[in-house]
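[1] Need a 3D model of the following:
(one chain, ligands or ions: 1)
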Amino acid sequence: MADKKLIVVIGATGNQGGSVARRFLQDSSFAVRALTRNPASPAAKALKEQGAEVVQAELEDAESLKTAFKGANLIFSVTQYWEPFFRLDCRPKATELGLSCRKYAYDVEYRQGKNIADAAAAVVDTLVENGFLVSTLSHAGKATGGKMTEVYHFDSKADIFPHYVDEKYPELSKKMSCIHTGYFMTSHQILPNSYFKKQPDGSFQMRFPTREDKPVPHIDIVADMGNFVYAVSQMPPGKAYMAAGSTVGFGEYIRLFGEHNTVPVSYKQITFDEMVNDAVEDEAAGIEVANMYVYADEPGYDGGMDLLTAEDIRKVSSIALRSDEDAILTCLLLAGVECPITTLEEWIKKQDWSAVLLK
Ligand SMILES: NC(=O)c1ccc[n+]([C@@H]2O[C@H](COP(=O)([O-])OP(=O)(O)OC[C@H]3O[C@@H](n4cnc5c(N)ncnc54)[C@H](OP(=O)(O)O)[C@@H]3O)[C@@H](O)[C@H]2O)c1
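    Reported below is the predicted structural model:
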């Protein structure tokens, strides 16, 4: 145990953190500390059975994070905008504060991200050179020159990772890698009307305010986030990535779906208002996601940032020039780092689509 590197994983019972925890558990040179609010949950118990140390922590409680981060050599951070958004107390509290529930959830995610950064800064000395691995998204407000200030669940992440960390904690910033995540390939489960709307003629129509051929990133989050973060941990620090198995337009997504299931399909670029009315019952959620799909059209999901991809990681020798002081790392870099990732086509072929096809 003592000679193992310790990675502390936030959100370890969820999609992203769970994938990261499971990947690092496969490497016996790491010890994994999995954080959760409820160590008695089935997901937390499963992690314990797989060999993780499960520790109770609350992102609203900075002190619990400081305790949980003690001795960390690496930290994986993820925050969840949609949990406060959908919690029953969101709307009354937002009304009391004179805020929309979308802005209220921004404030919660921002505060929790800030607590993570503050607690990580307290253990910066024990972190390895590339020891602060954070899940984030691009900043819509900045990327659009202030035109789109209400893609809250993007800006709440980017305002902390990297902006707050860069400004407040230069030493931590030097040890940080920012990992943007593409659209989860499973997002059709939350937005069934937008992904696969059954038409009167029996065909399936995909409908977003994004042009059909505008490339957007897609990731099999549960299978691949861990692979991606594990690969990033072998890179030099201070870079920003897009974790995605494919970067293709939604037109290509629906084409692949139709081809695999042998059903007729189409794509329709709809307006912002059409998506708000059509996507989900909850109007506020509709506005939040419709804003994102407009942003994904222009300037783009990544806000026009130059983000490294899985392919870049595999070809790392061309971008990562390091001194020879660490021979093993240098060999790894020269060989390229493994970064297995599922393409959208592979993922579509693996799914059971019967529930979608029968609707
Ligand atoms: N859906 C998409 O297409 C997409 C694309 C890109 C980015 N995202 C972003 O992905 C994020 C969600 O990631 P995910 O899918 O991995 O989330 P998830 O599966 O819902 O997991 C959330 C994790 O965070 C933990 N957590 C939540 N609130 C906490 C708190 N107050 N204190 C301590 N732990 C807390 C939960 O742990 P316990 O419950 O065990 O305490 C759980 O492990 C969102 O912010 C979303 O914007 C989504």
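[2] My reading is that Ala31 is in a strand; is that accurate?
    Yes: assigned with DSSP: H, G, I helix; E, B strand; the rest coil, Ala31 falls within a strand.
[3] residues contacting whichever residue of the stretch 1-150 of the chain sits closest to the ligand?
    For the stretch 1-150 of the chain and the ligand, the shortest gap (C-beta to the nearest ligand atom) falls at Gly14, measuring 2.0 Å. Placement of C-beta: from N, CA and C, glycine included. Residues counted as contacts of Gly14 (C-beta atoms under 8 Å, 6 or more residues apart in numbering) are 43, 78, 80.
[4] And for Ala44?
    Contacts here follow C-beta under 8 Å, 6+ apart; on that basis Ala44 touches 12-13, 34, 36, 38, 54.
[5] Any chance of a PyMOL selection covering the buried ones in those?
    Buried residues within these, by 16 or more other C-beta atoms under 10 Å, are selected in PyMOL with:
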select buried, resi 12+13+34+36+54
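[6] I'd like to know which of the contacts of Gly14 are buried.
    Neighbour counting over these (16+ other C-beta under 10 Å) leaves 78, 80 as the buried ones.
[7] hmm, back to that, Provide the backbone phi and psi angles at the residue of the stretch 1-150 of the chain closest to the ligand.
    phi -100, psi -170 (degrees, to the nearest 10).
[8] try Ala52
    When quoted as degrees, to the nearest 10, the phi and psi of Ala52 stand at phi -80, psi 150.
[9] likewise Arg207?
    The phi/psi pair for Arg207 (degrees, to the nearest 10) is phi -140, psi 110.
[10] what do you get for the one 4 residues further on?
    For Arg211, the backbone dihedrals (degrees, to the nearest 10) come out as phi -60, psi 150.
[11] Can you show me the strands along this protein?
    Remark: strands assigned in the chain by DSSP state E are 5-9, 30-36, 53-56, 74-77, 132-136, 176-181, 183-184, 197-198, 204-208, 216-219, 240-243, 246-248, 265-269.
[12] other SSEs contacting the fourth one?
    This means strand 74-77. strand 5-9, helix 101-122, strand 132-136 (3 or more C-beta pairs under 8 Å, 6 or more residues apart in numbering; DSSP states H and E).
[13] The same query, at a cut-off of 6 Å, please.
    Strand 74-77 is packed against strand 5-9, strand 132-136, with contacts defined by 3 or more C-beta pairs under 6 Å, 6 or more residues apart in numbering; DSSP states H and E.
[14] Let me have those strands in CSV, adding mean neighbour count, mean pLDDT and distance to the ligand as columns.
    As requested, these are arranged in CSV below (neighbours: other C-beta atoms under 10 Å; pLDDT from 0 to 100; distance: least, C-beta to the nearest ligand atom, whole Å):
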stretch, mean neighbour count, mean pLDDT, distance to the ligand
strand 5-9, 26, 99, 9
strand 132-136, 26, 99, 7
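[15] closest to Val108 out of the ones you listed?
    For these, proximity to Val108 was assessed by C-beta to C-beta; strand 132-136 is nearest, at 16.1 Å.
[16] Next to the ligand in this structure, residues from the chain, please.
    11-17, 36-38, 41, 57-60, 78-83, 137, 153, 181, 183-184, 187 (C-beta under 6 Å from any ligand atom).
[17] Now restrict those to buried residues only.
    Using 16+ other C-beta under 10 Å, the buried ones in the residues of the chain next to the ligand are 11-17, 36, 57, 59, 78-81, 137, 153, 181, 183-184.
[18] hang on, the earlier thing: any chance of CSV for the helices and strands packed on strand 74-77, columns distance to Phe228?
    Output for these, formatted as CSV (distance: least, C-beta to C-beta, whole Å):
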stretch, distance to Phe228
strand 5-9, 14
strand 132-136, 10
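[19] Out of those, flag the one nearest Lys268.
    Lys268 lies closest to strand 132-136 among the helices and strands packed on strand 74-77, at 30.9 Å (C-beta to C-beta).
[20] Name every strand pairing with the closest one and say which way it goes.
    Paired neighbours of strand 132-136 in the sheet (DSSP bridges): strand 74-77 (parallel), strand 176-181 (parallel).
[21] which one of those strands is the most hemmed in?
    Among the strands paired with strand 132-136, judged by mean count of other C-beta atoms under 10 Å, the one packed with the most neighbours on average is strand 74-77 (a mean of 28).
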